[in-house]
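Asker: task: produce atomic coordinates for the following.
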Amino acid sequence: MRETIAIVGGTGAEGMALALRFARAGARVRVGSRTVERARAAATLIAGKAGSGAVEGFENAVAVREADVIVLTVPPDAQISTLQALASSFRPGAVLVDATVRLKSEQNSALLAAEHVPEGVRVASAFHTLSAGLAGNLEESIDSDVLICADDPEAKSAVSALVQMLPGARPVDLGGLKKSRLIENTVQLLIALNRAHKVKHSGIRITGL
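Answerer: As a prediction, this is how the structure comes out:
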C-alpha cells in the first residue's frame with residue numbers, strides 16, 4: 001500500500017515543489033491549504049505536471065486526517081498557530097516533518113513543533129536546505145543531501161524514505177531534534193552563497209559518509 005503524504009502549506013513554493021516530486025514518485029499526495037479552493041487548484045496543477053491522478057486538494061485539517069506523514073511548509077510566523085489548529089486532526093502515530101526555518105531567531109523550530117502536537121505524533125525535521133526552484137523542476141536532479149533530525153527512529157526512517165523519492169537526493173541523519181537548529185543555520189549559509197555567486201539553488205553535499 002502506498003503511503004499518504006499531506007503537505008500543509010501545499011500551495012506555497014516549497015510545498016508545491018515537494019508535492020510534485022512525491023506525486024511523480026507515485027505517492028498519494030494530499031495538498032493542504034487554508035482554503036479548499038486554493039488547495040484544489042494547486043492539486044490539479046501538480047497532478048498535471050506529475051502525470052499522477054493521486055493528488056487531491058483539501059483544507060489543511062482534512063488533508064492531515066488521512067495522512068501517514070505530514071510535511072509542514074508554512075512560514076515561521078504561522079507554524080505554531082497552524083499546528084494548534086490541526087491538533088485534533090493528526091492520526092495516532094503519524095509523522096510530522098517540520099521544514100520551518102527561522103532566520104531572525106535562534107529558536108529551534110522542530111522543538112517548538114514537538115511542543116504543539118498531540119502525544120503520539122512523532123516529529124522530525126528535514127527539507128530546510130532544499131531549493132523550491134530546484135525541487136519543482138522535474139527535469140533536474142536534486143544532487144544534494146537532505147539533513148534529517150528526529151528522536152524517534154521510525155520517524156527518521158519514514159523521512160529517509162521520502163528523501164529517497166527525490167532523484168539525486170540522499171538522506172543524512174544528523175541526530176535528535178535538538179540538533180535541528182544547525183540545519184536552520186545552514187540555510188543562512190546557503191542564502192549567502194547564492195548571493196555571492198549569483199545563483200539560486202545552492203545545496204549541500206556531505207563527504208566522508
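
Asker: can you map out the helices along the protein?
Answerer: For the chain, the helices defined by DSSP state H occupy 13-24, 36-50, 60-65, 79-86, 109-115, 132-135, 153-163, 180-197.

Asker: for the lowest-mean-pLDDT helix or strand in the chain, which outside residues touch it?
Answerer: Using mean pLDDT, DSSP states H and E, helix 132-135 stands out as the lowest-scoring helix or strand of the chain, at a mean of 92. Helix 132-135 is contacted by residues 13-14, 16-18, 20-21, 140, 142, 144, 166, 200-201, 203 when judged by Cβ atoms under 8 Å, 6 or more residues apart in numbering. Yep, even glycine has a C-beta here, placed from its N, CA and C like the rest.

Asker: pipe the helices of the chain into TSV and attach distance to L72 and mean neighbour count per row.
Answerer: Listed next are the helices of the chain as TSV, based on distance: least, Cβ to Cβ, whole Å; neighbours: other Cβ atoms under 10 Å:
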stretch	distance to L72	mean neighbour count
helix 13-24	9	24
helix 36-50	15	18
helix 60-65	10	22
helix 79-86	7	18
helix 109-115	7	21
helix 132-135	15	18
helix 153-163	12	19
helix 180-197	13	15
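
Asker: with distance to P92 added, can I get those in CSV?
Answerer: Converted to CSV, the helices of the chain look like this (distance: least, Cβ to Cβ, whole Å):
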stretch, distance to P92
helix 13-24, 23
helix 36-50, 24
helix 60-65, 12
helix 79-86, 14
helix 109-115, 16
helix 132-135, 30
helix 153-163, 13
helix 180-197, 23
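
Asker: any low-confidence regions in the chain?
Answerer: The chain contains residues with pLDDT under 70 at 1.

Asker: tell me the centre residue of it?
Answerer: In the chain, the residue lying closest to the centroid (Cα atoms, centre = their mean) is V71, at 4.1 Å.

Asker: is it true that it touches E3?
Answerer: No. Using Cβ atoms under 8 Å as the test, V71 is too far from E3 to be in contact (11.7 Å).

Asker: which neighbours do these two share?
Answerer: Joint contacts of V71 and E3 (Cβ under 8 Å, 6+ apart) do not exist.
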